[in-house]
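> Would you be able to build a 3D model of this:
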Amino acid sequence: MSMDGGWVKGQRYLNRELSWIAFNQRVLELAVDTKTPLLEQAKFSAIFSNNLDEFFMVRVASLIAQVESQSSRCSIDGRSAEQQLEAVQKRLEPLLKQQQQHLNRRLRPQLERRGVGILDHRQLSRRQKDWLASFFRNKIQPVLTATRLNTPGIPFPFISSLSLNLAVEVRGQASGNRELIRIKLPKKNSPRFITLPEALHGERSEAIHLCVPLEQVMEHNLKALLPGRQITSVSVFRVTRDADLALREEEAEDLMEAMQTSLRRRTAGGEVVRLELSAGTPAAVQRQLTAGMGVPRARVNRVDGLLGLDDLMELQGINAPTLKQPPFRGSTPAPLQRCQSPEEGRQASESIFRVIRRGDVLLHHPFDRFETTVEEFIHQASLDPSVQAIKITLYRVSKDSPIIASLIAAAEEGKQVLALVELKARFDEDNNIRWARQLERSGVHVVYGVIGLKTHTKIALVIRREKGTLQAYSHVGTGNYNSKTAALYTDLGLLSADPALGQDLISLFNYLTGFSKQSAYRKLLVAPTTLRAEMLKLIDREIEHARTGLPSGIKAKMNALVDQGLIDKLYDASAAGVKIELIVRGACSCTSGIAGLSETIRVRSIVGRFLEHSRLFWFENNGQPQVWFGSADWMPRNLDRRVEAVVPVENQELVGRIQQLLELYLQDNQASWHLQSDGRYRAPEPAQGGSSAQVQLMRGV
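Residues are numbered from 1 along each chain as shown. Predicted structure coming up:
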């Protein structure tokens, strides 16, 4: 099996948008894979849909804006915005069809046979229908609002992005006038799938869980909401709007207020970039919806099945262990096992700071538990009377964050606490505003970063008084300070007491708070000041080694590779004979294995149970490897428009561990998709005794 990555023979680069779709197709392949447990299939289908929503809200919206502004801008592979939109639509159509067919023909029937039924209303008994009718009257109907969509002289009402809606055609029994009514599904007040009580399982008495889609419950009980009207058709529709926030920081006196205003504009609605309709929607209803919202035909998708399949994630709450992956709980790294805060207020047998002073500690989440490593580091800092200050960058934070609690506790103890909260973290802006307000009220000094740049770096600094001097303890990572994603994403982190690294973080925090114009660092590579240039130099050194017959090689792992300058430099390295192994999870514009261009470059993508999120860079350096990891992908935005930090790994024991880690990924033949010279990804063909990097790491290898 192979997947088209969007390459056209003779071109130097792969299209970013089509390459990203190829990545999301790899996610869909996990959903349709018969080896994936059934409820995990539903989960990956939900992830596929959620990814696609964001893709439309940001990437497709950007292409539409380019077309409407008559921009002459082309993609890295030379396509106009209009050509890219056409290619995107063509590539997505079969994937969306595959997703629906899998759900309707395989997943739902198989789940039902295993005791988990997502039932259609027509399958229900009279008792079940009566119960749902009562549920509708008591729990749903009171919060519903019916809005006319075709009232002459009245503007078409606003339809919020990603909301599910019923379009109901009715006729008045007295007047016979035809009306089109919109009713929004109250998903904030009700789950998408309404669970039937066990007492009503009836013939399915052995079932684990039975539920009915909310829109069907509403459709079959609309007469209670619309008395005196004849219902002639009911359709389901959903719109996706442009969600990119345009924020002119230079003109905003109060960044938080400006961001809140921008968020209100997002809620008020950008342009509609996609209109999804249930397959049976009458042509007249479609015409009214498209005319009312100004949606051209090219942006309309008819869906033969349930809309909004991101809601399948709700099924993860079902208690059916045999239909899911076995739960996984990582372990605590050996150096940190004696410095955990025990229960009932007892002190740890050893301070985490003493352990870090003995040597750098490498972390790999979720295989190393986030709670007993990073959270414990901040927790002990908040309680330790010798700690004078804590500084941290917060990009995406979980809603119930132990790190936030520790920062607040530290501030209340009188410590100096600085939190840089990135208000422009896409789709987390509102959450971050709430955290910023709460931190400020608790005495934490909150800042919002450098004007014109998004702060994406993942760094924390603890300053501790020891024997009359101040000692810096550092954490630099690839992932957010977020306990939820730390259990779902693979990320690297380094805990260190290295004085030079500590000074770099002090300088970087001073830059972020506006108190320095720092452009040089002792150890860190920092975007947008030094990272791009230093990465190019590191590749140039491998080129020189290859040309002079010395050992050379590059291994890099990242989420996306679309920066033209770095891709061109990799092509130069390939021409010089440097062996290059790339592990790129998502969009990759670099080709692989093309004679005379990328002959020595191999690209693979690992898609498995956990989202591969770490960014790791290995340079052979004549047999003396240099290793770096950090927050930056090789994308223009990360290198030029964000604050990023990449840290060197200098402890030789840790370098050896990273070498083993890279080899695990490069030997993976169960979750590794290989980019072919024709631009397509070849699916893994696991043999008996095959290797999965994530499975090996879960086993403690």
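> What segments of the stretch 601-701 of the chain are strands?
601-606, 611-612, 615-619, 626-630, 642-649, 672-675, 680-682 (DSSP state E, counting those that start in this stretch).
> Tabulate those (JSON lines), appending distance to V32 and mean pLDDT.
Using the backbone N, CA and C atoms, a C-beta is placed for each residue, glycine as well. Shown next, in JSON lines, are the strands of the stretch 601-701 of the chain (distance: least, Cβ to Cβ, whole Å; pLDDT from 0 to 100):
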{"stretch": "strand 601-606", "distance to V32": "17", "mean pLDDT": "98"}
{"stretch": "strand 611-612", "distance to V32": "19", "mean pLDDT": "96"}
{"stretch": "strand 615-619", "distance to V32": "29", "mean pLDDT": "98"}
{"stretch": "strand 626-630", "distance to V32": "33", "mean pLDDT": "98"}
{"stretch": "strand 642-649", "distance to V32": "35", "mean pLDDT": "97"}
{"stretch": "strand 672-675", "distance to V32": "15", "mean pLDDT": "96"}
{"stretch": "strand 680-682", "distance to V32": "16", "mean pLDDT": "94"}
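> For S349, find the nearest of the ones you listed.
strand 642-649 (28.0 Å; Cβ to Cβ).
> Quick one: list the elements packing against that closest one.
When contacts are defined as 3 or more Cβ pairs under 8 Å, 6 or more residues apart in numbering; DSSP states H and E, strand 642-649 packs onto strand 454-455, helix 499-512, strand 525-527, strand 626-630.
> Tell me the strands beside it, with direction?
strand 454-455 (parallel), strand 525-527 (antiparallel), strand 626-630 (antiparallel) (DSSP bridges).
> what would those look like in CSV with distance to G553?
Below are the strands paired with strand 642-649 laid out as CSV (distance: least, Cβ to Cβ, whole Å):
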stretch, distance to G553
strand 454-455, 32
strand 525-527, 19
strand 626-630, 11
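> In JSON lines: those strands, plus mean neighbour count and distance to Q98.
Formatted as JSON lines, the strands paired with strand 642-649 follow (neighbours: other Cβ atoms under 10 Å; distance: least, Cβ to Cβ, whole Å):
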{"stretch": "strand 454-455", "mean neighbour count": "22", "distance to Q98": "35"}
{"stretch": "strand 525-527", "mean neighbour count": "23", "distance to Q98": "38"}
{"stretch": "strand 626-630", "mean neighbour count": "23", "distance to Q98": "36"}
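> Quick one: closest of the ones you listed to Y489.
Judging the strands paired with strand 642-649 by Cβ to Cβ, what sits closest to Y489 is strand 626-630, at 14.0 Å.
> Give me the contacts around the closest one.
457-458, 476-478, 492, 494, 525, 538, 614-619, 644-649, 655, 658 (Cβ atoms under 8 Å, 6 or more residues apart in numbering).
> Pick out the least confidently modelled helix or strand of this protein, by mean pLDDT.
helix 255-268 (a mean of 44; mean pLDDT, DSSP states H and E).
> List the pairing partners of the helix or strand that that one is followed by within its sheet, with orientation.
Next helix or strand after helix 255-268 toward the C-terminus (DSSP states H and E): strand 272-278. When sheet partners are counted by DSSP bridges, strand 272-278 sits next to strand 229-241 (antiparallel), strand 300-303 (parallel).
> Show me what counts as buried in the longest one.
It stands for strand 229-241. Of the residues in strand 229-241, those buried by neighbour count under the rule 16 or more other Cβ atoms under 10 Å are 229, 234-241.
> Same question for stretch 650-658.
650-651, 654-655, 658.
> again, but for stretch 460-469
Neighbour-count burial for stretch 460-469 [16+ other Cβ under 10 Å]: 460-464.
> L38: what's it in contact with?
Per Cβ under 8 Å, 6+ apart, neighbours of L38: 107, 110-111, 114, 116, 323.
> Correction: the previous question concerned F509.
If you count contacts by Cβ under 8 Å, 6+ apart, then F509 has 391, 418, 420, 459, 461 around it.
> From Q503, how far out is it?
11 Å (Cβ to Cβ, to the nearest Å).
> Please apply the same query to V32.
V32 is 51 Å from Q503, by Cβ to Cβ.
> list the buried ones in the lengthiest helix in the chain?
The single longest helix within the chain, with elements called by DSSP state H, is helix 81-101. Neighbour-count burial for helix 81-101, with 16+ other Cβ under 10 Å as criterion, is recorded at 81, 83-85, 87-88, 91-92, 95-96, 98-100.
> do the same with stretch 52-59
52-53, 55-57, 59.
> Okay, now the unreliable bits of the protein?
1-10, 173-176, 244-269, 343-348, 423-432, 515-516, 686-689 (pLDDT under 70).
> could I get the contacts of F509 as TSV with distance to P366?
Compiled in TSV, the contacts of F509 are given as follows (distance: Cβ to Cβ, whole Å):
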residue	distance to P366
K391	25
L418	28
L420	25
I459	20
L461	24
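> Among those residues, which one sits closest to A65?
L420 (30.1 Å).
> pretty sure that closest one is touching V450, no?
No. Counting by Cβ atoms under 8 Å, V450 is not a contact partner of L420; they are 9.6 Å apart.
> what's the domain layout of this structure?
38-44+74-249+273-321, 334-520, 527-698 (automatic domain parsing).
> I'd like to know which of the ones you listed is closest to R12.
The nearest among the domains of the chain, by Cβ to Cβ, is domain 527-698 at 6.7 Å.
> Narrow the buried residues of stretch 650-658 to those in helices?
Short answer: the buried residues of stretch 650-658 in helices (DSSP H) are 654-655, 658.
> Among those residues, which one sits closest to E599?
I658 (26.4 Å).
> In contact with the closest one, which residues?
Applying Cβ under 8 Å, 6+ apart, the residues contacting I658 are 362, 616, 618, 627, 629, 649.
> Report the separation between the fourth one and L52.
It refers to V627. 35 Å.
> To L312, which of the strands paired with strand 642-649 lies closest?
Per Cβ to Cβ, nearest to L312 of the strands paired with strand 642-649: strand 454-455, 31.1 Å.
> quick one: contacts for L28?
44-45, 48, 95, 98-99.
> picking up where we left off before, of the buried residues of stretch 52-59, which pair is most distant in space?
D53 and R59 (11.2 Å).
> Among the contacts of F509, which are located in strands?
391, 418, 420, 459, 461 (DSSP state E).
> Would you map the strands across the stretch 101-250 of the chain?
116-118, 146-148, 164-172, 178-184, 193-195, 209-213, 229-241.
> Rebuild those as a markdown table, extending it with distance to L550.
Conversion of the strands of the stretch 101-250 of the chain to a markdown table gives the following (distance: least, Cβ to Cβ, whole Å):
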| stretch | distance to L550 |
| --- | --- |
| strand 116-118 | 59 |
| strand 146-148 | 72 |
| strand 164-172 | 61 |
| strand 178-184 | 66 |
| strand 193-195 | 61 |
| strand 209-213 | 62 |
| strand 229-241 | 52 |
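> And those strands: which comes nearest E314?
Here strand 193-195 is closest among those (Cβ to Cβ), at 5.7 Å.
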